[in-house]
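Asks: Below: sequence and its predicted model.
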Amino acid sequence: PPRSTLSSSSAASDVYKRQKHDLNFFELFFMKVGLGLALFPVVGLLLNIIRVPLDYRVFFVLSLAYPLYSLVRRLFYKKEPLNLKINKIFSIRKSTLIFLLVFIMFCTTFYVYQKGAFVYPWLEDSDPYGYALVSKYIALHKTFSADWYFAHYSVPYTQGYQIVMGALLQTHQYTNWTMKYFNALIISLSIPLFYLFSKELFKDRSKALFSSFALFSVTCWLSHFIFSLNFTMVLLIFLFYCYESIELDAKWKYIALIVVMAIWLSHFNTAVHYFIIFFFYWIVKLLIKSELNTHLLFSHFGGIALGIALFTAPQFIVHTEIVRKAIANQYTHIGGAAVMFGRLTSNLAVFFAALSALIIALAVVFAFREKIEKNLLKPVLSRRFVREGALLLIVAVIITLFLLPVKLVDEPGGCPKPYTIREFIFSQHNSKIDHPTGIGVGLSFLMAASVIIMLFNIKKLFKSGSGILAALPLFILYFLITNGNSLSIS
């Protein structure tokens, strides 16, 4: 079975030259794995549209297409000899030793997750069984299309995660084993991918190693509970690696678009949260660089638009009755897409006005980007304390909205009760299988200290040009969201 996973990741082979990112062989390999994970659901959707079976052998052949093309082009057209440089690949360098530590953390994480998953032979509840049922349907029928709504996670529910698991189920006869094993493997990939993202963010392998160790130490970072959220959380890390890479090469915006589309195809509610995260990241980048960062806008909105055009809209049309009942709250479990769509369109005039305003705003930004940056952003943001004041104002608005005495939004999440400080700071021996709690005393102290240090060093951080500043409003926002049941927005 691992061969199938590796074959999918090889689709990322040789996309960009290693020198642009200063990646050693092992770092480059996991970058390809991250891209392969994102490509899998997108390619699966495109194959399904043109009625090509979602067979793992089809994915395998497609994954070999570009490497074979590169090999033939190099040997017969460029007349360049192959030079594998095995000694260079396995040479002892600082970067290799650092990634060896990251790899040990990856292996340890994988061992922990798969050990816990296989303590009992069954799946946890209806969610994993629902994903297993639809994945098995894809494995048997080689398509996710269905004329009827036969399961919780069948269409019109997002299908990205099920496409991946459906292809993998064709490589092994035991459904439970395959779902548990590959779910644990995908979650564990968050460690090396987070290292790559941190390396691009800090431009320092030692800091990236420490950051990876911090994530490795967080006891509430996901669980072996089988759910598409786990898949999209890993993709989120790779997405921000792509965003940081855009500064080195603008072509990474196309890779980022694919990742955004893969997230949209895998879990709608998560995609909405990622839009919030992206918004604050984009705002901070705007404040830092005095630029509109249209490459980021292209990637995010382009990925969402393609996801809607190729999957969401067609499935809503095919399954109109199911969507209509979901909007009327008769079916509440097909995913947030239909319910959210119903709420957004409850007042069609407001919905189309907002949509039109967004389209017009994006058109203006792309059409007049240089003029806006030259005549508005740079003159305003170059003034003293404007950047710092803008960021602090955003933080103040977030806090104020959550502390208002009236309930603005009342949408209970997976945990209906407020979390206590103890559940945040201390790792819990008994926790929810799908919502593990506890960050740890040491990391809780570091987080609190980091917020204070960032507040007192905002000016210096702006000068450094690091996107790490986006962590400040995001940390405060999601800390309040997590406790939203007792605040004005939940």
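Replies: Thanks, I have the structure now. Since this is a predicted model, take the numbers as computed values, not measurements.

Asks: what's the following helix or strand after the helix or strand containing V42?
Replies: V42 belongs to helix 25-49 when assigned by DSSP states H and E. As assigned by DSSP H and E, the chain's next helix or strand after helix 25-49 is helix 56-72.

Asks: Next, the angle helix 25-49 makes with that following helix.
Replies: If you take axes from the mean of the first three to the mean of the last three CA atoms, to 10 degrees, helix 56-72 sits at 130 degrees to helix 25-49.

Asks: Mind checking what secondary structure the residue lying closest to M454 once chain neighbours are set aside has?
Replies: Distance criterion CB to CB, 6 or more residues apart in numbering; nearest residue to M454, sequence neighbours excluded, is L472 at 5.2 Å. Where C-beta positions appear, they are placed from N, C-alpha and C, glycine not excepted. Secondary structure, DSSP: H, G, I helix; E, B strand; the rest coil: L472 is helix.

Asks: tell me the contacts of L472?
Replies: 391, 395, 451, 454-455 (CB atoms under 8 Å, 6 or more residues apart in numbering).

Asks: Hmm, E423 and N483 touching each other?
Replies: No - using CB atoms under 8 Å as the test, N483 is too far from E423 to be in contact (10.3 Å).

Asks: Looking at these two, which one has more neighbours?
Replies: Set N483 next to E423 and count neighbours by other CB atoms under 10 Å: E423 wins out with 19 against 16.

Asks: any residues touching stretch 424-444, and which ones?
Replies: With CB under 8 Å, 6+ apart as the criterion, stretch 424-444 contacts 124, 127, 214, 217-223, 225, 227, 414-415, 419, 423, 447.

Asks: Go again with 7 Å.
Replies: If you take CB atoms under 7 Å, 6 or more residues apart in numbering as the criterion, stretch 424-444 is touched by 124, 214, 217-220, 223, 225, 227, 414-415, 419, 423.

Asks: pLDDT wise, what is the residue nearest to H319 when sequence neighbours are not counted at?
Replies: When the adjacent residues along the chain are set aside, H319 lies closest to P156, with 4.5 Å between them (CB to CB, 6+ apart). Looking at P156, its pLDDT stands at 86.

Asks: now S346
Replies: At S346, pLDDT is 59.

Asks: try L257
Replies: So L257 comes in at 96 (pLDDT).

Asks: give me the element it is part of.
Replies: Per DSSP H and E, L257 falls inside helix 252-266.

Asks: so after that helix, what's the next helix or strand?
Replies: Next element after helix 252-266 (DSSP H and E): helix 268-289.

Asks: quick one: buried residues of that following helix?
Replies: Within helix 268-289, the residues scored as buried using 16 or more other CB atoms under 10 Å are 268-271, 273-274, 277-278, 280-289.

Asks: same deal with stretch 398-408?
Replies: For stretch 398-408, the neighbour count (16+ other CB under 10 Å) marks 398, 402 as buried.

Asks: what does stretch 145-164 give?
Replies: 145-146, 149, 151-164.

Asks: Show residues contacting stretch 117-132.
Replies: Residues beyond stretch 117-132 that count as contacts (CB under 7 Å, 6+ apart) turn out to be 151-153, 161-162, 165, 175-176, 179-180, 184, 224-227, 433.

Asks: average model confidence for that stretch?
Replies: pLDDT averaged over stretch 117-132 gives 91.

Asks: swap in stretch 221-230?
Replies: The average pLDDT for stretch 221-230 rounds to 89.

Asks: just the CA coordinates of that stretch, formatted as PDB?
Replies: Extracted in PDB, the C-alpha atoms of stretch 221-230 (Å, rounded to 0.1, in the frame of the first residue of the first chain):
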ATOM      1  CA  TRP A 221      -2.900  18.400  17.500                       C
ATOM      2  CA  LEU A 222      -5.500  16.300  15.700                       C
ATOM      3  CA  SER A 223      -6.200  12.600  16.700                       C
ATOM      4  CA  HIS A 224      -6.400   9.300  14.900                       C
ATOM      5  CA  PHE A 225     -10.200   9.900  14.500                       C
ATOM      6  CA  ILE A 226     -10.900   9.400  10.800                       C
ATOM      7  CA  PHE A 227     -12.300  12.600   9.300                       C
ATOM      8  CA  SER A 228     -11.600  14.800   6.300                       C
ATOM      9  CA  LEU A 229     -10.600  17.600   8.700                       C
ATOM     10  CA  ASN A 230      -7.400  15.800   9.400                       C
END
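
Asks: For the residue most central in space within the chain, what are phi and psi?
Replies: Closest to where the C-alpha atoms of the chain average out (CA atoms, centre = their mean) is L236, at 1.8 Å. When quoted as degrees, to the nearest 10, the phi and psi of L236 stand at phi -60, psi -40.

Asks: Nearest residue to it in space, please, no chain neighbours.
Replies: Y274 (6.0 Å).

Asks: what does K199 give?
Replies: Nearest to K199 is A208, by CB to CB, 6+ apart, at 4.0 Å.

Asks: how far away is that neighbour from P41?
Replies: Distance of A208 to P41, given as CB to CB, to the nearest Å: 27 Å.

Asks: the more surrounded of the two?
Replies: In this view A208 and P41 are compared by other CB under 10 Å, and P41 has more residues nearby, 29 against 23.

Asks: Tell me if I'm right that the more buried one and Q162 touch.
Replies: No - at 8.7 Å, P41 does not count as touching Q162 under the criterion of CB atoms under 7 Å.

Asks: The helix holding L257 packs against which elements?
Replies: The contact analysis (3 or more CB pairs under 7 Å, 6 or more residues apart in numbering; DSSP states H and E) places helix 252-266 against helix 25-49, helix 160-169, helix 228-245, helix 268-289, helix 294-307.

Asks: which other residues reach it?
Replies: 35, 38-39, 41-42, 45, 158-161, 228, 231-232, 235, 238-239, 242-243, 245-246, 270-271, 274, 295, 298-300, 302-304, 306-307, 311.

Asks: swap in stretch 288-295?
Replies: 246, 250, 253, 282, 285-286, 365-366, 369, 372-373, 377-378, 381, 462, 465.

Asks: Could you rerun that using 6 Å?
Replies: 246, 250, 253, 282, 285, 365-366, 369, 373, 377-378, 381, 462, 465 (CB atoms under 6 Å, 6 or more residues apart in numbering).
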